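Could you look at this predicted model? Sequence included:
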Amino acid sequence: MSGALASIKTKASAGINKAASAVGIQRTQTEDSNNNNTLEELSELCPQLTYQQRLIGFGTCFVLGYFITFMSFNYFMELIGGNPVPFVVLYTLGNIISLFSSLFVCGPKKLLKNMFDEKRKTVTIIYLSSLFVSIVVCFIKFNKDAKLVILLVLLLIQFCSSVWYSLSYIPFARRAVKKCFKNAVGDEAA
């Protein structure tokens, strides 16, 4: 078992080094030892889970989370009709389950470190705040129309911040989206 883990570590390290050198990034010995520490953190989270089981857990939570999120749209008309609880709770629960699917892959310590990394900190705070505030607003009693508008804005913020957060993990994705948006807005203004 430990031989298989060592083989996976070696292959993963070689693959990361090859990918890094392909894009012109020089890796140091310290970075390689940090990758080994990450794999050790994985083992500490759920020591009995194999790599394949971790991927299955990740995939299951991710798919289940987005399935719940998409199924929440069955209750969208109830949201519009003044009963926001089913839609908002399911939509937010789906987002939370999808977000926490990463726990299977990198562990809670690494996940929090990544979420509050300098380039993700602002969007993470906005995303988590919108999740929390949408649930709170859902259960507060006040004017239905005002509640509907606030909830729709919060759900839109949840969606946009989730996409922006996800794009931060794809190299140059945020820059490409900004460029496309500037081109689209610039073309209309001309």
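Noted; the coordinates are in hand.

top helix in the protein by residue count?
helix 144-167 (DSSP state H).

next helix or strand past the lowest-mean-pLDDT helix or strand in the chain?
Ranked by mean pLDDT, DSSP states H and E, the helix or strand of the chain with the weakest confidence is helix 29-45, at a mean of 52. Using DSSP states H and E, the helix or strand that follows helix 29-45 in sequence is helix 51-71.

helices or strands next to that following helix in the packing?
Judged by 3 or more CB pairs under 8 Å, 6 or more residues apart in numbering; DSSP states H and E, helix 51-71 is in contact with helix 85-99, helix 103-115. C-beta coordinates here come from the backbone N, C-alpha and C atoms, glycine included.

Burial-wise, tell me which of these comes out on top.
A comparison of these by mean neighbour count, using mean count of other CB atoms under 10 Å, puts helix 85-99 on top with a mean of 19.

Give me the most central residue, the chain.
L99 (4.5 Å; CA atoms, centre = their mean).

close enough to count as contact, it and G65?
Yes: between L99 and G65 there is a contact at 7.4 Å, judged by CB atoms under 8 Å.

Name the nearest residue to S101, ignoring sequence neighbours.
Closest residue in space to S101, ignoring its immediate chain neighbours: C61 at 3.4 Å, by CB to CB, 6 or more residues apart in numbering.

which intervals of this structure have sub-threshold pLDDT?
Applying pLDDT under 70 to the chain flags the ranges 1-9, 11-47, 187-190.

and for the longest helix of the chain, what are the contacting residues?
Outside helix 144-167, the residues within contact range by CB atoms under 8 Å, 6 or more residues apart in numbering are 79-80, 82, 84, 88, 91-92, 95, 99, 120, 123-124, 126-127, 130-131, 133-134, 137-138, 140, 173-174, 177.

Name only those of these that count as buried.
Neighbour counting by 16 or more other CB atoms under 10 Å classes 79, 84, 88, 91-92, 95, 99, 120, 123-124, 126-127, 130-131, 134, 137-138 among the contacts of helix 144-167 as buried.

Which residues in stretch 160-168 does the neighbour count mark as buried?
S161, S162, W164, Y165, L167, S168.
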